[in-house]
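1. From the sequence below, what's the structure:
(chains A and B)
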Amino acid sequence: MPIHNSDIAGIFSRVADMLDIKGENPFRIRAYQNAARTVGELSRDVSEMIDREEDLSELSGIGKDLAGKIAEIVQTGSLKFLRELETEIPPELLELLKISGLGPRKVKALHRELGIKTLAQLKDALKEHKIRELEGFGEKTEANISDELERITGSEPRLKLVIADEIVKPLLDYLQKSSGVKKVEVAGSYRRRKETVGDLDILVIQKKDAGVMDRFVHYEDVKKVVSQGSTRSTVLLKSGVQVDLRAVNEVSYGAALHYFTGSKAHNIAVRKLAVKKNLKINEYGVFRDKKRIAGRTEEEVFEQVGLPFIPPELREDRGEIEAARDHRLPSLVTLKDIRGDLHAHTRITDGHADLKEMAEAAREKGYEYLAITEHSKHVAVARGLNAEELLRHLDDIDRLNEKLDGIVLLKGVEVDILEDGSLDLPDRVLSELDFTICSVHSRFGLSSKKQTERIIKAMDNDYFRILGHPSGRLINERAPYDVDMAQVITAAAKRECFMELNAHPDRLDLNDRHLLLAKELGVKIAISTDAHSTESLNYMRFGVWQARRGWIEPDDVLNTRKLTDLRRLLKR
DNA sequence: GCCGTTTTCGGCCCGACTGTTTTCAGTCG
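-> Coordinates of the predicted model:
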């Protein structure tokens, strides 16, 4: 079995938890956590870097020791150090850490005093009210553990961005209406436009004691008030989502927004810069000694550490701070840059609108062009088209184009990549099209080697233009199929093929790290909605957000181009 | 365990809230 970055990250993160329960040096623990994150977010496979004898200790947060441990994991599949730790600390204990409110100290106490190792044993001890007897525990702790235990068995996955969007809007309206509230903004991973959101962080500016905290905890969707203070409160909504509300006053707004937007790693990196300049940054501002010298806007905060404004989508400590320092931050693509949509279906296959309705909806969005890309016959459930049906459909598009004003329909197809790497329609038909999107819709279970070969072989066809939803994942529903994406992107670069960023909020495929890799290798991206209705053309914003997280600029995107330039690019 | 335009040793981001406490540890973000 090949070792993936996520395997290595998982091992390091287990080591960190184990050391934490052991009561080890917190900075050593943090080193393992940082390494787990660094490896986990890398866009290239570490095992491949080792094959090429690259020096892993060049990676930030990876030194000689951890580089050696990574090599050990890649070569042997496991880590001796972790196996040793597991003889000292029962690995089941790590499950207990998932309970909010139980940290390493309390978990250790539960194990030491009551011999509790598993969630089941914890449940029993709760029933017998043994927990409240322990030093440092009490009735409330016991009740909280009990609540949490119930909650995680229903284990809520992280929210898709689109769902977070739906939940947060009415809450913002509600808070906005409270008297004395000057400004409300969502921060956190929502503002960074992460594809999924763990909880919602909302920031308000209020006049002194305007009572917004009280109003917040009485919102009709609140199931439980986790904590309530004068500057911060936390609630659980009925949907299971946790929402944090923080109140600051106006002079601290920028500092607070920066702080609560995160990411944590980004904040730490920025604060380190501040320390070097003898400054201190917290959510109230930037301070020299006790004096606040900035904090009203985010720009002010960045300025104090010698940086230009960094867009929230980039704030992951993935090189944005160095890029900002060297004045090479990307100017990220925006929704306004988008001139058309390159992936849409109509009622002919599994869409819900007809050609004309789709064309008019696209024109209303101010687009210059819309590509109609029906499924090919292999996707029988979607009534995919065979060669003759597609040719007739192309005639329909031609006829409609003659009548249309202000928008051009492009003739495309979403043709299946079959198991042997061939395309599901003959070349003589593909040659009639403006371009193709080629997608995998079957045999997701192939080995990484076979899946990768399948896709790259398909790219050898001269009519292959864009690889549709390249990983096949559905967020929270279906894992990506096993494929060596770095190899696929490299192959696309060599053959001058393109990759899709499917903007459907369930897909957002490519992910941000692969987008960055595609950009580095010079592979252009089509940001496309895969719309099956006029309404879903609106998903473009999710695609643009995801693209921004991948450092994508207008020039990296196919559909920021004028039609004439686009046509030239689409010719292979 | 990592890291270095003051350092190869001695630092490592910073604050709010809770619960169990007689002044603060633990946890979280």
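
2. In terms of helix, strand or coil, where does the residue lying closest to A:G384 once chain neighbours are set aside fall?
-> Leaving aside its sequence neighbours, A:G384 sits nearest to A:H375 (Cβ to Cβ, 6 or more residues apart in numbering; 3.7 Å). For glycine as for every other residue, the C-beta is placed from the backbone atoms N, C-alpha and C. When classified by DSSP: H, G, I helix; E, B strand; the rest coil, A:H375 comes out as strand.

3. Against DNA strand B, how distant is A:K449?
-> Distance, A:K449 to DNA strand B, by Cβ to the nearest atom of the strand, to the nearest Å: 32 Å.

4. typo on my end, A:K494
-> 33 Å.

5. neighbours of that residue, just the number please.
-> Using other Cβ atoms under 10 Å, A:K494 has 12 neighbouring residues.

6. Quick check, central residue of chain A?
-> By Cα atoms, centre = their mean, the mean C-alpha position of chain A lies nearest to A:E195, the distance being 3.5 Å.

7. Check what pLDDT the nearest residue to it once chain neighbours are set aside gets.
-> Nearest residue to A:E195 in three dimensions, chain neighbours excluded: A:L508, at 4.7 Å (Cβ to Cβ, 6+ apart). Note on A:L508: pLDDT of 96.

8. my guess is A:L508 meets A:R193, correct?
-> No. Between A:L508 and A:R193 there is no contact under Cβ atoms under 8 Å: 9.9 Å.

9. Near DNA strand B, which residues of the stretch 1-150 of chain A? Just list them.
-> With Cβ under 7 Å from any atom of the strand as the criterion, the stretch 1-150 of chain A comes near DNA strand B at residues A:25, A:27-28, A:30-32, A:35, A:57, A:60-67, A:81, A:99-107, A:132, A:135-142, A:144.

10. Helices - which of the residues you listed land there?
-> Among those, the members found in helices (DSSP state H) are A:27-28, A:30-32, A:35, A:64-67, A:81, A:104-107, A:139-142, A:144.

11. Buried subset of those, written for PyMOL?
-> Burial among these is assessed by 16 or more other Cβ atoms under 10 Å; the matching PyMOL selection reads:
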select buried, chain A and resi 31+32+35+66+67+81+104+106+107+141+142+144
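
12. got a list of what the residue nearest to A:E195 touches?
-> A:L161, A:E195, A:I475, A:L501, A:N502, A:F542, A:G543, A:Q546 (Cβ atoms under 8 Å, 6 or more residues apart in numbering).

13. List every C-alpha atom in stretch A:93-107, with coordinates, as CSV.
-> This file holds the C-alpha atoms of stretch A:93-107, laid out as CSV (Å, rounded to 0.1, in the frame of the first residue of the first chain):
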residue,chain,number,x,y,z
LEU,A,93,-8.0,7.0,25.1
LEU,A,94,-7.6,9.2,22.1
GLU,A,95,-11.3,8.7,21.4
LEU,A,96,-12.1,10.4,24.7
LEU,A,97,-10.3,13.6,23.5
LYS,A,98,-13.0,14.1,20.9
ILE,A,99,-15.4,15.0,23.6
SER,A,100,-15.5,18.8,23.9
GLY,A,101,-14.5,19.7,27.4
LEU,A,102,-12.3,16.7,27.9
GLY,A,103,-8.7,17.6,27.3
PRO,A,104,-5.5,15.6,28.0
ARG,A,105,-5.4,16.4,31.7
LYS,A,106,-9.0,15.2,32.4
VAL,A,107,-8.6,12.2,30.1
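
14. List of residues touching it?
-> A:14, A:17-18, A:20-21, A:23, A:110-111, A:116-119, A:122, A:136-137, A:141, A:144-145, A:148-149, A:152.

15. now the strand of greatest length in chain A, how far from the chain's geometric center?
-> Across chain A, the longest stretch assigned as strand under DSSP state E is strand A:408-416. Offset of strand A:408-416 from its chain centre (Cα atoms, centre = their mean, to the nearest Å): 28 Å.

16. Give me the helix or strand of chain A that scores worst on average pLDDT.
-> Using mean pLDDT, DSSP states H and E, the weakest-scoring helix or strand in chain A turns out to be helix A:139-153, at a mean of 80.

17. For that one, what is the distance to the chain centroid?
-> 29 Å.

18. quick one, what contacts the residue nearest to the centre of chain A?
-> A:K160, A:L161, A:I475, A:L508, A:N511, A:D512, A:Q546.

19. Which residues belonging to stretch A:312-325 are considered buried?
-> So for stretch A:312-325, counting by 16+ other Cβ under 10 Å, buried means A:P312, A:E313, A:L314, A:R315, A:E316, A:D317, A:R318, A:E320, A:I321, A:A323, A:A324.

20. Spell out which residues of the stretch 151-300 of chain A are next to DNA strand B.
-> A:188, A:199, A:201, A:227-233, A:242, A:244, A:264, A:267-268, A:271-272, A:274-275, A:280-284.

21. wait, which of the contacts of A:L508 is closest to A:L569?
-> A:L501 (15.9 Å; Cβ to Cβ).

22. just checking, that closest one touches A:K524?
-> No. Applying Cβ under 8 Å as the test, A:L501 and A:K524 come out as separate, 10.6 Å apart.

23. of the two, who's got more company?
-> A:L501 (27 against 22).

24. Tell me where the model's unsure across chain A.
-> A:1, A:153-156, A:208-210 (pLDDT under 70).

25. got a list of what A:I205 touches?
-> Residues in contact with A:I205 (Cβ under 8 Å, 6+ apart) are A:V181, A:K182, A:K183, A:A247, A:V248, A:N249, A:E250, A:Y253.
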